[in-house]
Structure formats: structure tokens, C-alpha cells
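Q: below are the sequence and a predicted model; questions follow.
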Amino acid sequence: MFLSWSNISITGDQNAINRGVQVGIGTPPQIFSLLPTTADRDIYIANKADCAPSYNDSCVGSYGGVYDSGASTTFRKTIKSQWNGTVEPNPAGLAFVYFNDVLQFGNATAYGFPLFMDQPGYGMLLIVISKRSFFFAC
């Protein structure tokens, strides 16, 4: 299977563009730009709440897309012990939401795919300094 690496428009108004592999998560699909890695076994996606209260294109673009569980009819939250993903050690004690949803990539669709995201309020802090610069703090 060939997955192209390209510029992906990840917001409906097409103002936030990120480079990576395009995937759709949920029903209807929410567009993400994922960066492939061999170091991770599961897919972490940013929670839409990470961009609150000022949900905007800069925040969404910095994450490569954000997931709104309320917008997906196929979202199924689960507890960590029953999640079908790879349970990794969590030495920092971060709080995650474990769930399953539809994942679309290339010409394939995976149903009930394991994903995880931050609990609201536990994500990375994005500070916008100006319209063209930003940095992350943990």
C-alpha cells in the first residue's frame, strides 16, 4: 500500500495545512495529517479540547488536526484495561482517553481501530506569540 506524504488541508476552511500522511478518523471522517514513525505502536491524536477556548486554525494546524468525539457516530470510549491497543508505560502519569473508531487511510478502512487522546485539560499548551510564530510548553 502506498501512502503519500503531502500537504494536507485539515480544516474545513482550508486555512490550516500540515505536512504528513492523510487519514480520516471517525464517521464522518475528521481529517488528520499524521507523521509516520517506527517508535510508536499506537496512534495518539489531539483532543479538540486542547485548542479551547479559542478554537482556531493555528491551534488545529499545530497538532495536525484535532478530534471531536461528539462529531463521530462511531466513537466508542473504553477503559484502558479493555482497550485493544498496546498499553505503554506511562511514567509521567498523563491522563488519556482510550477509544476505538473508524480509521481510513489510502484505499483501506479499519473499523474499531484503537486510538488515544488527552483528557481535556491535560494536553500540550500552545502559546501563540504572533500570527506566524508559536511554541509548545509541557
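A: Okay, I see it. Residues are numbered from 1 along each chain as shown.
Q: so which residue is smack in the middle of the chain?
A: A centroid search over the chain (Cα atoms, centre = their mean) returns Ile45, at 2.2 Å, as the residue closest to the centre.
Q: partners of the residue nearest to that one when sequence neighbours are not counted in the sheet?
A: Spatial nearest neighbour of Ile45, chain neighbours left out: Tyr67 (4.8 Å); criterion: Cβ to Cβ, 6 or more residues apart in numbering. For the C-beta atoms, the positions are set from N, CA and C on the backbone; glycine is no exception. Taking DSSP bridges as the rule, Tyr67 bridges to Asn47.
Q: please look at Tyr67 and Gln30 and confirm they touch.
A: Yes - between Tyr67 and Gln30 there is a contact at 6.0 Å, judged by Cβ atoms under 8 Å.
Q: who has more neighbours out of the two?
A: When neighbours are counted by other Cβ atoms under 10 Å, Tyr67 comes out ahead of the other of Tyr67 and Gln30, with 25 against 20.
Q: need the strands for this protein, in chain order.
A: Using DSSP state E, the strands of the chain run over 5-9, 17-25, 30-34, 43-44, 46-47, 66-67, 76-78, 96-105, 108-118, 125-130, 133-137.
Q: of all the ones you listed, which one is nearest Pro53?
A: Of all these, it is strand 125-130 that lies closest to Pro53, at 12.4 Å by Cβ to Cβ.
Q: show the average pLDDT along the closest one.
A: For strand 125-130, the mean pLDDT works out to 43.
Q: winner for burial among the strands of the chain?
A: Stretch with highest mean neighbour count among the strands of the chain: strand 66-67 (a mean of 25; mean count of other Cβ atoms under 10 Å).
Q: my read: Arg41 touches Pro114, true?
A: No - here Arg41 lies out of contact with Pro114, judged by Cβ under 8 Å, at a distance of 9.7 Å.
Q: okay, and the common contacts of the two?
A: Residues touching both Arg41 and Pro114 (Cβ atoms under 8 Å, 6 or more residues apart in numbering): Gly85.
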